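Undergrad: just the structure for this:
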Amino acid sequence: MSTPEELVKLIAERNVAFVDCRFTDTLGREHHLTVPAHSFDEERIEGGVAFDASSLPGWKGVECSDMLLLPDASSARLDPFREESTLIVTCDVAEPTDLNGYDRDPRSLAKRAEIYLQASGLGDTAYFGPEPEFFVFDNIRWNDQMNGCMVEIGAEHAPWSTAAALNGHNLGHRLRVKGGYAPVPPVDSFHDLRSEMCVLMEQQGVPVEVHHHEVGGGGQLEIGTRFSTLVQRADWNQIMKYTIMNVAHVYGKTATFMPKPILGDNGSGMHVHQSIWKDGQNLFAGNGYGGLSDMALFYIGGIIKHARALNAITNPTTNSYKRLVPHYEAPVKLAYSARNRSASIRIPYVSSPKARRVEVRFPDPMANPYLAFSAMLMAGLDGIQNRIHPGDAADKNLYDLPPEEDAKIPTVCSSLEQALEALDNDREFLTRGGVFSNDMLDAYIELKQAEVNRLRMTPHPVEFDMYYSL
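TA: Prediction:
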């Protein structure tokens, strides 16, 4: 459905008790206000649901905190996890004075990015296909008090549990460290869990294409879903996260999208496939390297040029850079290549020109999808507008280069602090067309710098191991 009238009719037909108004903050967290269905009429849908924006990090001050949630009727879906019949509706955040999208609202920002693409004349549609990986554990404990800090992961399926007694029921079938890619049950003990996640995603409108165990032996999983337009694909990412976390919770387990929760095992990335179309034609298909057009190569050039600024948005946590470490299997080298998974930008092999695309491999699933997809689009468009060629492709294994060759290839940032500095110094491409505002970027940098400072001030157990007895 796409109109308020159709939404009200659906509520009546499904005997819905509550309407859950969802929105996403700057950091990518979802929030909700729940409204009794009997009061959710056409007037309220069009006029918006009021809320206090001063309670969200990086948004309004108390002197101007009143904001509105404007429901997107086309996003309505039933919540599969609530006992009372509840309809979820994704909302844009709007200023109450003029109902325009708030400049710090990620979804409104993503809509501005789509409008900017169309206004540029370079294309009318940008397609995105992210692949967020995640871990599932049995339990998790951590502590960061003044008297000490610790973290402990509980996972009966993990390689470290081979000697655990488990009340006499250790059945032994386990993955090795970095040996988790796509085994069958009983070694893959998560098949039914993932299948249920897939069924519930499809019920909520997210088309699933594949699911499997990923390389990480400690419970790393992936569910592949279909590509779509920028805003819808970001909406789907939020539905994915909500569904994955809640299904794990129902199973008595816990899911996390942290990029690097386990020392010594693979980290979780979010490779993002992307292409630009116009009048139903894929503009990235051509006769150049890897079957790409000049436009696609220039798009890659823009991504590489602005990669370090992008890192602040596509890899937005201090934990992100524990995954992006040189000389391990992480896409840190800013190079492109066909079918080469060691490059940070890969050109997947496809048989049809319609499927021609580029895959940016350095982002991770902590990224706010509305901001990350928009930022990559803006970087790619800058590359097209300024004909930034990415240079020669890198067809070697970039994980194992001689030192003299390794030093010539640029890398992504090595820390969130470095990425924030890069974003602060390289932001003009993001602000074109009013897509990102400088106020929004300033607030984002301030929020993220606070995370950097918190970690910098906290003594780490490894420091005690290295320095306590010196």
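Undergrad: for the stretch 51-200 of the chain, just list every one of the strands.
TA: For the stretch 51-200 of the chain, the strands defined by DSSP state E, counting those that start in this stretch cover 66-71, 77-78, 86-94, 125-137, 139-145, 148-154.
Undergrad: out of those, which gets nearest to residue 37?
TA: Residue 37 lies closest to strand 86-94 among the strands of the stretch 51-200 of the chain, at 7.2 Å (CB to CB). C-beta here means a position set from N, CA and C on the backbone, and glycine is covered the same way.
Undergrad: rewinding a little: possible to save the strands of the stretch 51-200 of the chain as a markdown table with mean neighbour count, mean pLDDT and distance to residue 208?
TA: Written out in a markdown table, the entries for the strands of the stretch 51-200 of the chain read as follows (neighbours: other CB atoms under 10 Å; pLDDT from 0 to 100; distance: least, CB to CB, whole Å):
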| stretch | mean neighbour count | mean pLDDT | distance to residue 208 |
| --- | --- | --- | --- |
| strand 66-71 | 20 | 94 | 26 |
| strand 77-78 | 16 | 96 | 15 |
| strand 86-94 | 23 | 96 | 18 |
| strand 125-137 | 22 | 98 | 12 |
| strand 139-145 | 11 | 94 | 26 |
| strand 148-154 | 13 | 93 | 27 |
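Undergrad: export those strands to CSV and tack on distance to residue 324?
TA: Supplementary listing: these in CSV, determined by distance: least, CB to CB, whole Å:
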stretch, distance to residue 324
strand 66-71, 35
strand 77-78, 34
strand 86-94, 31
strand 125-137, 14
strand 139-145, 22
strand 148-154, 20
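Undergrad: so which of the ones you listed gets nearest residue 292?
TA: Closest approach to residue 292 among the strands of the stretch 51-200 of the chain is made by strand 125-137 (14.9 Å; CB to CB).
Undergrad: which strands and helices lie in contact with that closest one?
TA: Applying 3 or more CB pairs under 8 Å, 6 or more residues apart in numbering; DSSP states H and E, one finds that strand 125-137 contacts helix 106-120, strand 220-225, strand 228-229, helix 230-250, strand 254-256, strand 270-278, helix 369-385.
Undergrad: given that strand, what are its sheet partners and their directions?
TA: Applying DSSP bridges, strand 125-137 is found paired with strand 220-225 (antiparallel), strand 228-229 (antiparallel), strand 254-256 (antiparallel), strand 270-278 (antiparallel).
Undergrad: nearest to residue 54, of the ones you listed?
TA: Checked against CB to CB, the stretch from these lying closest is strand 254-256, at 29.1 Å.
Undergrad: what is the burial count for residue 17?
TA: Neighbour count of residue 17, defined by other CB atoms under 10 Å: 16.
Undergrad: show me the helices in the chain, by range?
TA: In chain order, the chain shows helices spanning 4-13, 42-47, 106-120, 191-203, 230-250, 294-305, 307-314, 369-385, 403-406, 416-425, 428-431, 438-457, 461-467, with DSSP state H as the criterion.
Undergrad: adding mean neighbour count, mean pLDDT and distance to residue 37, write the strands paired with strand 125-137 out as TSV.
TA: Rendered in TSV, the data for those read as follows (neighbours: other CB under 10 Å; pLDDT from 0 to 100; distance: least, CB to CB, whole Å):
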stretch	mean neighbour count	mean pLDDT	distance to residue 37
strand 220-225	22	98	29
strand 228-229	16	98	28
strand 254-256	19	98	30
strand 270-278	22	98	35
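Undergrad: low-scoring stretches of this structure, by residue?
TA: 1, 62-63 (pLDDT under 70).
Undergrad: do you know how far residue 397 is from residue 333?
TA: 10 Å (CB to CB, to the nearest Å).
Undergrad: what sits in contact with each of the two?
TA: With contacts defined as CB atoms under 8 Å, 6 or more residues apart in numbering, the residues adjacent to both residue 397 and residue 333 are residue 342.
Undergrad: ok, these two, which is more surrounded?
TA: Relative neighbour count places residue 333 above the other of residue 397 and residue 333, with 23 against 12, counting by other CB under 10 Å.
Undergrad: not counting its neighbours along the chain, what's nearest the more buried one?
TA: With CB to CB, 6 or more residues apart in numbering as the measure, residue 398 is the residue that lies nearest to residue 333, at 4.4 Å, once sequence neighbours are left out.
Undergrad: residue 41 is in contact with residue 5, correct?
TA: No. Contact status for residue 5 versus residue 41: not in contact, 10.1 Å apart, counting by CB atoms under 8 Å.
Undergrad: still on that earlier bit, out of the helices of the chain, which is closest to residue 177?
TA: For these, distance to residue 177 was read as CB to CB. The smallest value, 19.3 Å, belongs to helix 461-467.
Undergrad: fine, thanks again, bye for now.
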